[in-house]
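# Sharing a model prediction with you, sequence too.
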Amino acid sequence: MHNFKTSWLFPPVTRILSGLFIIIGLIGITSNVVVGICITLVGFAILLSRKGVLLDKNQNRLKSYTQVLFIKFGTWETLSPYTDISVLSFTEKTTLTSRSMVTSSSKKQVFRICLLTENHYQRLLLLQLEDEQAAQYEAEKLADLFGFKKRIFSPGRI
């Protein structure tokens, strides 16, 4: 079974603030144990929550999950609708705006390895890398391992 952790459930700022929850919760344990433990658990839940995909080659199934405190929530589905694998190029842009309306933004190009249905209308993210060569190499490895055809993304193909 292969586990692909695709993204964090919460944005970076929220995950940073969860560290504050953890610290406040640990300090709060000295005055009220129950409340301190609850606040600490909420902080850890926010900090460690992820999204991902489990692929089970032996039973030909996949599970798109959300993980909270190491518990994966999701249902198993058959892997058969997905026949192809492809590397898709995206430009990610992050913009921060302060209360005084000063903005700061950054852009980066990322390469996502996705499973695709036969007509390429549905896709399922497995990995995201910042290096195109590494993404192509990983896609080739996964195609060989799971028996997918590595194709160029072409929606509507028959």
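Ah, there it is. Residues are numbered from 1 along each chain as shown.
# Tell me if I'm right that F146 and D56 touch.
No. Counting by CB atoms under 8 Å, F146 sits too far from D56 to count as a contact (10.3 Å). For the C-beta atoms, the positions are set from N, CA and C on the backbone; glycine is no exception.
# Look at these two and report which has more neighbours.
Set F146 next to D56 and count neighbours by other CB atoms under 10 Å: F146 wins out with 16 against 13.
# Give me the nearest residue to the more buried one, chain neighbours excluded.
Nearest non-adjacent residue to F146, counting by CB to CB, 6 or more residues apart in numbering: K57, 5.9 Å away.
# and that neighbour, what does it touch?
Counting by CB atoms under 8 Å, 6 or more residues apart in numbering, K57 touches 1-2, 145-146.
# Regarding Y121, what is its secondary structure?
coil (DSSP: H, G, I helix; E, B strand; the rest coil).
# Run a quick neighbour tally on it.
The number of residues packed around Y121, counting by other CB under 10 Å, is 10.
# where's it relative to S7, distance?
Using CB to CB, to the nearest Å, we find Y121 at a distance of 22 Å from S7.
# what does L55 give?
Taken as CB to CB, the span from L55 to S7 is 17 Å.
# Give me the contact list for the helix or strand of the chain with the lowest mean pLDDT.
One helix or strand of the chain scores below all others by mean pLDDT, DSSP states H and E: strand 82-97, with a mean of 89. Residues outside strand 82-97 that contact it (CB under 8 Å, 6+ apart): 62, 103-118, 120, 122-124, 126, 132, 135-136, 139, 142-143, 146, 148-153.
# Looking at L55 and S7, which is more packed in?
Each of L55 and S7 has its neighbours counted (other CB under 10 Å); L55 has more, 20 against 10.
# which element is the more buried one on?
Element membership of L55, judged by DSSP states H and E, is strand 50-56.
# Quick check: next helix or strand after that strand?
Assigned by DSSP H and E, the successor of strand 50-56 is strand 61-68.
# residues contacting S104?
Residues 95-96 are the ones in contact with S104 under the rule CB under 8 Å, 6+ apart.
# Which parts of the chain are strands?
2-8, 50-56, 61-68, 71-73, 76-78, 82-97, 103-117, 123-129, 149-150 (DSSP state E).
# and the last one, what does it pack onto?
Using 3 or more CB pairs under 8 Å, 6 or more residues apart in numbering; DSSP states H and E as the contact criterion, the neighbours of strand 149-150 among helices and strands are strand 82-97, helix 132-146.
# Residues touching the shortest one, excluding its own?
To tie it back to what came earlier, the one meant is helix 132-146. By CB under 8 Å, 6+ apart, helix 132-146 touches 55, 57, 79, 85-87, 89, 111-113, 126-127, 129, 148-150.
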